[in-house]
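Colleague: How does the following fold in three dimensions:
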Amino acid sequence: MKESSKEKPKNPVLDQQDENIRKKLAQIEHKIMVMSGKGGVGKSTISINLAIGLSLQNFYVGLLDVDLHGPNVPKMLGVERGELQRRPDGTVGPVYYSPNLKFMSVEPLLPKKDSAVMWRGPMKMSAIRQFIYDIEWGKLDYLVIDAPPGTGDEQMTIAQMIPDTCAVVVTTPQEVALLDVRKSISFCNHVGMPIIGVVENMSGMLCPHCGKVIDVFKRGGGEKLAEELDVPFLGKIPVDPRIVTTGDAGKPILAAYPNSLTAEAFEKVVQNVINATQQLALQKKEQEQKPEEKS
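Modeller: Residues are numbered from 1 along each chain as shown. Reported below is the predicted structural model:
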């Protein structure tokens, strides 16, 4: 029992790497990890359209895809694998989607496009650590991090390496998804990660013929859960067939159909995220000033 209480031996290389990462990321004002306890809830769709929405509000935005098992961001943004490459000095330069939005994904760093990643925890954590260390983002207002589903190695690595990260939790209305979202919120509370709020995706289907919303997967489950757990609710995104076609075509719906009801729903989520992050920044500033006032 006594041995378990001893401090772990320090690793000078990792300590220096962590320090360099903190210096790089200090140029980024807000870091947001989009996460979900369950796969298939549209997390990447939310991440991409959130990043695009923030960039359309004249913020400088970075989008980071750290999903080793299913990195979909390049495909959904219409970027080929060969466009993401390492520089001669070993760093990785993000690719510009628009003047205000650049992104990076682990996908081109994998052996082959269709390769299955069969890495154990330590290897995954090491890969993500090195990947984040190599990226040169420069100054950004927002960094949106598209994490894989679950609360495992990838999420823990982000929480440890980027301690000022906040979370946006994505769910669908059905009970099975809501059970897993509780785990995501519990994870955030355990590691001390502030929760910006919950997004309810696939909240009713937008009929392509009449424009009315049909309750295919129910509606309101995510909103009720957010209220129950005292977590902010950011908004509902309907099931829209155009989300699939635009994602496959590499042009997200917020860019392809900016005047649609679905785009309006995304814009409400984006505005709520802006309000929440600005409020968190204000609270942090006030906390930092308190010790000075006492002295």
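
Colleague: now for the longest strand along the chain, which elements pack on it?
Modeller: Criterion DSSP state E: the longest strand present in the chain is strand 195-206. Counting contacts by 3 or more CB pairs under 8 Å, 6 or more residues apart in numbering; DSSP states H and E, strand 195-206 is packed against helix 43-56, strand 165-171, helix 175-191, strand 213-214, helix 221-228, strand 233-239, helix 261-294. Backbone N, C-alpha and C define where each C-beta goes, glycine included.

Colleague: Mind putting these into CSV with mean pLDDT?
Modeller: Shown next, in CSV, are the helices and strands packed on strand 195-206 (pLDDT from 0 to 100):
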stretch, mean pLDDT
helix 43-56, 95
strand 165-171, 94
helix 175-191, 85
strand 213-214, 68
helix 221-228, 85
strand 233-239, 92
helix 261-294, 86
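
Colleague: Please report how far His69 lies from Asp153.
Modeller: Separation of His69 from Asp153 (CB to CB, to the nearest Å): 11 Å.

Colleague: shared neighbours, these two?
Modeller: Contact with both His69 and Asp153 is made by no residue, according to CB atoms under 8 Å, 6 or more residues apart in numbering.

Colleague: ok, the two, which is more surrounded?
Modeller: Asp153 (20 against 16; other CB atoms under 10 Å).

Colleague: just checking, the more buried one touches Met123?
Modeller: No - between Asp153 and Met123 there is no contact under CB atoms under 8 Å: 9.2 Å.

Colleague: what's the closest of the helices and strands packed on strand 195-206 to Asp134?
Modeller: Nearest to Asp134 among those is strand 165-171; the distance by CB to CB comes to 18.5 Å.

Colleague: tell me the contacts of Trp103?
Modeller: One thing to correct before we go on: residue 103 is Phe, not Trp. Applying CB under 8 Å, 6+ apart, the residues near Phe103 are 51, 62-65, 73-74, 77, 79, 94-95, 97.
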